[in-house]
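Asker: The sequence and its predicted three-dimensional model are supplied below.
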Amino acid sequence: MQYTLKELPPEFPIIFWAPYPVSEGSRRYRSIVACHNGLEIGYCHEGTGVFSIAGRLFRYRPGYVSVVPPMIPHSTWSRKGTHSLWSLFLTDPARLLGSAGGDYALFDMTPFSVPGFPNLLSPDAHPAISRLTATIFEEHERKAANYAEAIRASVLALLVELSRLAGDAPASDAAVRVDWIVRIRPALRRIQNNFADPITVDALAALCHMGKRNFHRTFKRVMGKGPYEYLTAYRVARACLDLTEHRKSVESIAWDSGFATVSGFVRKFKDSMGMAPATWAGRQKKAP
């Protein structure tokens, strides 16, 4: 886990990272999980790969936009044998926009953390979001007259689009509160960093200094599924990455993904993906 606490400039509270390469999907890079203290927006310039946030995985292509709320674990890696190019900015919308935002509900980033929110957005499904994000990076790159105000205006428009999208996302069984996310964060980190190791719900609850029953209830409210179901889904998702790379046998992938038996892995994979691992991998080979 790489946790980065950034001090945002007081006069213009936003930090830009110039386009940087994302390395290929080797095991070394998969273990790098980031976590920041602001809203992080990313834009893919070139390449393809996988974006992971809080255990959910999405495939990206050029023009895709990533939306990462504060303190949510996430990672990005490129397809095997390739590199991707991303730009990122980190900000505190309330400080950046202030009274210009008008509706302070726009500054609430909690809805971006719920399982129903699509944290990776394609330019085909969300062209306005892709264009606005690209414009923000272009304004920072050119630094023409009044570029800071232009960036503020575009960030405000982007937040409006994201809030509308959050309003259309499937509702969870209860409103997700920021303090709930904070409380289960140690469990999410343990799963993402040690998903292949034996992990029990009791151990996760203890990490969060919570009773098992309260932990299970809180975890499900935040993540949309219980901790054991979430761990299993995370393991299956990571197995999908290995299957996509076509480098290892199903048996090796099962063990490396944290499943005690191959039969158990195949059963859980079928439950999640609707087909056996080998069948799923064969279809990926034929995919464009």
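Answerer: Yep, it's here. Numbering: from 1, shown residues only.
Asker: For the rest of this, base every contact and every neighbour count on C-alpha atoms.
Answerer: Will do.
Asker: can you tell me how far Cys240 sits from Val50?
Answerer: 11 Å (CA to CA, to the nearest Å).
Asker: Compare these two (neighbour count), which wins?
Answerer: Between Cys240 and Val50, counted using other CA atoms under 10 Å, Cys240 has the larger neighbour count: 21 against 18.
Asker: does the residue located most distally from the centre of the chain sit in a helix, a strand or a coil?
Answerer: When each C-alpha in the chain is compared with the mean C-alpha position (CA atoms, centre = their mean), Ala145 comes out farthest, at 34.3 Å. In three-state terms, and counting by DSSP: H, G, I helix; E, B strand; the rest coil, Ala145 is coil.
Asker: So which residues of the stretch 101-250 of the chain form helices?
Answerer: Ranges of helices within the stretch 101-250 of the chain are 127-142, 147-168, 178-194, 201-207, 212-223, 227-245, 250-256, based on DSSP state H, counting those that start in this stretch.
Asker: what residues does the longest one touch?
Answerer: When contacts are defined by CA atoms under 8 Å, 6 or more residues apart in numbering, helix 147-168 is touched by residues 12, 93, 96-97, 101, 106-107, 111-112, 117, 128-129, 132-133, 135-136, 139-140.
Asker: Just the buried subset of these, written out for ChimeraX, thanks.
Answerer: With 16 or more other CA atoms under 10 Å as the burial test, the buried ones among the contacts of helix 147-168 are selected in ChimeraX as follows:
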select :93,96,97,101,106,107,111,112,117,129,132,133,135,136,139
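Asker: now the stretch 151-288 of the chain, which segments are flagged as low pLDDT?
Answerer: Counting by pLDDT under 70, the stretch 151-288 of the chain shows low-confidence ranges at 168-179, 245-246, 284-288.
Asker: Just give the number of residues close to the closest residue in space to Ala128 that isn't next to it in sequence.
Answerer: Once its chain neighbours are removed from consideration, Ala128 has its nearest residue in Glu161; the separation is 7.8 Å (CA to CA, 6 or more residues apart in numbering). Counted with other CA under 10 Å, the neighbours of Glu161 add up to 17.
Asker: same thing with Leu85?
Answerer: 18.
Asker: Wait, it touches Glu46, no?
Answerer: Yes. Checked against CA atoms under 8 Å, the pair Leu85 and Glu46 is within contact range at 5.2 Å.
Asker: so who does the residue nearest the centre of the chain touch?
Answerer: Most central in the chain under CA atoms, centre = their mean is Ile53, positioned 2.1 Å from the mean C-alpha point. If you count contacts by CA under 8 Å, 6+ apart, Ile53 has them with Val68, Ile72, Pro73, His74, Ser75, Asn119.
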